[in-house]
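Participant: build me a model from this:
(2 chains)
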Amino acid sequence: MRPLEGAAYFLLLLLVAELLPGFSDGNNPRYENFLNQHRDDPKSSFHGRYCDTLMRSRGLTRPQCKEINTFIHGSKRQIRAVCDRGGVPDGQLQRSLQHFRVTTCTLRGGSTRPPCEYKENTSPRYIVIGCEGGWPVHYDESQIVTTI
Amino acid sequence: MRGLPSLFQLGVRCGRGPPFCHIRGRFAYSQALAQLLLFRGRRSAVALKMDLDIQCEEFRGSKWKELLPSLNQYKSIRLDDCSLLSSHCEDLSSVLSANQNLTELKLNNNELGDSGLEKLCKGLMNPSCKLQKLWLQNCNLTKACCENLRSVLSTKPSLAELHLGDNRLGTSGVNVLCQGLLDPNCQLQKLQLEYCELSARNTEALSAALRTKTSLNELNLSNNKLGDAAVKQLCEGVLDANCNLQSLQLENCRITASSCGDLGTVLSTKPSLKELCIGENKIGDAGAAHLCKGLLNPNCKLEKLWLWECDLSAACCKELAHVIATKETLKEMSLIGNNLKDEGMEYLCQGLKDPKAALQSLWLRECGLTAACCKSVGSVLSKNGSFKELHIGGNNLQDEGVAQICEGLMNPNCTLQSLWLGNSELTPACCDKLATVIAAKQCLKELDLSNNPLEDEGVRKLCEAVRNPNCQLQHLILYDIYWASEIEDELKALEESKPGLKVIY
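Facilitator: As a prediction, this is how the structure comes out:
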């Protein structure tokens, strides 16, 4: 194989890798954990209550109920962009320039013991996230920014 | 041989790693099947002890056919969120008739519908079926299936628990169900009817059931628009000498202070009652005062009192503190989402410091507390040896407040097992104190610090403390804290080095 041909094959391989869904982020467990906990796009529709079902199916209700959790209804590309040009620094974190539609699930009931029941609140909101190497790895629940 | 059943328990955890639970589930399921095959040779000895516990897993087509033969060996089957439909119910009905050892069946969150339930009931009505506990929450049932359920109730004395929450049974459906409940054959102990669209027109039948059904010990009617008049009528049923109710749940039922007098009378006259849950009702301080009067009666043996989001303020805390200090049976209390403020907490702490106080678990999330009450909280922890579980997150405690709580925790008298401090505005500044507690207190099994800006520096200090051989922590809960990837590596290494520890983030 000539060197030039080898380089061409390599570029082709990179191109294919980029096009394959999930290939490029498949090796980043922190980003995957972020997506599992904080992204639901398009917003799922369930037979049961949205938050109760989604929190359960994402494994956030064991061993005890997670008290608050937000799901972003946006594409991976849009969310990733917040780490880059789609966001502005906010301390160590990045605040989005665009509104995202998000659903925040807040635990209701007397305790954190399962079964877990949630209140839900869907709104357009600027999101504040933490990034690492250009990948979102943290969602900041403490900041609810509806206006800049 | 005793350890075997747990080895073969087919639990499917929805954990971290692969983002969606069914992926993990599929893996665990095939693993479980492999274990089953290995196990078949020795089935006769222990097979019947096995529980099948599968959640969030789709069973369509061949996969269902694969699972089906194994269902006849279990004592307990759980197939929640498994996309089961009416068409699966014929097979499940056969399992109910054929598997005489099956005592528990959980089918929550599947679209079985009334037609599915009709098929299921055929199996339930089979004389060989010995089912004791049935969960059908959120199964798309309506009033149309209640006649079938009535027949099951009146012919199946083995059935002890029926969970029907999140089905739109409506007033007429539930009244039909009550006819089954009133049948002398019915020996139901536990009935769950949350979110079933009940109305005040159901309480006459329910009250009649309470008066005649001595077996009935748990009734959950939460999240139905009942109102005060209906609750008064229910209380009349509970007050009957025949009624042996142990747990009454009436959360979000539109109760106000005006029916709390009746609930107070129930408390003072029914020593059988162990649990009263009336969260999310606007009973206010006046309502709480009525309840406290009932609670203070020596006849009352209540163990658990749920008063979350009840519009309570500091004004009722003096009476609640008196209850805490005198009611030795009372073990658990939830006051989440009431604006008690530091003033109210000071009263509660006075009650908790009483040598007679036996409360073990207290939930105080979002009660408008600040660092100002934490000195008293610390003092409670240093004096009260029976206190096991404190949920005080979601309050503006800050580093200063947590430092004072830590001082109480360090007292040798303190035997607290579970401490929840999520969303409390904590920074790395309090982590030295927390680390000292983690390393020194072997009694501490669970610590939640979610949603606090602890940063890498703070989390690193906690990790170091957990590494101490003294630390017996089982759950370290750290959701939504921003840290560098090295911290995550450290947490993983920590989990590997401590087999009893699970770090949740």
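
Participant: how about the contacts made by the residue lying closest to A:His38 once chain neighbours are set aside?
Facilitator: In space, and not counting its chain neighbours, A:His38 is closest to A:Tyr139: 4.4 Å by C-beta to C-beta, 6 or more residues apart in numbering or on different chains. Where you see a C-beta, it was placed from the backbone N, CA and C, and this is true even at glycine. Shown in contact with A:Tyr139 (C-beta atoms under 8 Å, 6 or more residues apart in numbering or on different chains): A:Phe34, A:Gln37, A:His38, A:Thr70, A:Ile72, A:Ile127, A:Val128, A:Ile129, A:Gly130, B:Asp480.

Participant: now for the third one, how many residues are close by?
Facilitator: For A:His38, the tally of surrounding residues (other C-beta atoms under 10 Å in any protein chain shown) stands at 21.

Participant: need the residues of the stretch 101-250 of chain B near chain A, please.
Facilitator: B:Asn109, B:Glu111, B:Asn138, B:Asn140, B:Asp166 (C-beta under 8 Å from any C-beta of the partner chain).

Participant: would you mind measuring from the second one to A:Gly110?
Facilitator: Spelled out, that is B:Glu111. 30 Å (C-beta to C-beta, to the nearest Å).

Participant: mind checking which of the two has more residues around it?
Facilitator: A:Gly110 (26 against 15).

Participant: got a quick ChimeraX command for the buried subset of the residues of the stretch 101-250 of chain B next to chain A?
Facilitator: Those of these that count as buried under 16 or more other C-beta atoms under 10 Å in any protein chain shown are selected in ChimeraX with:
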select /B:109,138,140,166
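
Participant: what would the residues of the stretch 101-250 of chain B next to chain A look like in CSV with secondary structure?
Facilitator: Converted to CSV, those look like this (DSSP: H, G, I helix; E, B strand; the rest coil):
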residue, secondary structure
B:Asn109, coil
B:Glu111, strand
B:Asn138, coil
B:Asn140, coil
B:Asp166, coil
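
Participant: please identify which pair of the residues of the stretch 101-250 of chain B next to chain A lies farthest apart.
Facilitator: B:Glu111 and B:Asp166 (12.0 Å; C-beta to C-beta).

Participant: quick one on the thing from earlier: let me know the closest of the residues of the stretch 101-250 of chain B next to chain A to B:Ala440.
Facilitator: For those, the nearest to B:Ala440 is B:Asn109 (43.7 Å; C-beta to C-beta).

Participant: for the closest one, give me its contacts.
Facilitator: A:His47, A:Gly48, A:Thr53, B:Asp80, B:Asp81, B:Gln137, B:Asn138, B:Cys139.

Participant: hang on, isn't the fifth one packed against B:Lys106?
Facilitator: What it means is B:Asp81. No: counting by C-beta atoms under 8 Å, B:Asp81 stays clear of B:Lys106, with 10.4 Å between them.

Participant: of these two, who's got more company?
Facilitator: Counted by other C-beta under 10 Å, B:Asp81 and B:Lys106 do not tie: B:Asp81 has more neighbours, with 25 against 21.

Participant: backbone phi and psi for the more buried one, please?
Facilitator: The phi/psi pair for B:Asp81 (degrees, to the nearest 10) reads phi 50, psi 40.

Participant: now it: how far from B:Arg168?
Facilitator: 19 Å.

Participant: what about the helices in chain A?
Facilitator: A:3-19, A:29-38, A:50-57, A:76-81 (DSSP state H).

Participant: ok, and does the third one reach over to chain B?
Facilitator: Yes: applying C-beta under 8 Å from any C-beta, one finds that helix A:50-57 is in contact with chain B at A:Thr53, A:Arg56, A:Ser57.

Participant: turn the residues you listed into JSON lines, including pLDDT.
Facilitator: Below are those laid out as JSON lines (pLDDT from 0 to 100):
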{"residue": "A:Thr53", "pLDDT": "92"}
{"residue": "A:Arg56", "pLDDT": "92"}
{"residue": "A:Ser57", "pLDDT": "90"}
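
Participant: who touches B:Leu85 in this structure?
Facilitator: B:Asn110, B:Glu111, B:Leu112, B:Gly113, B:Gly116.
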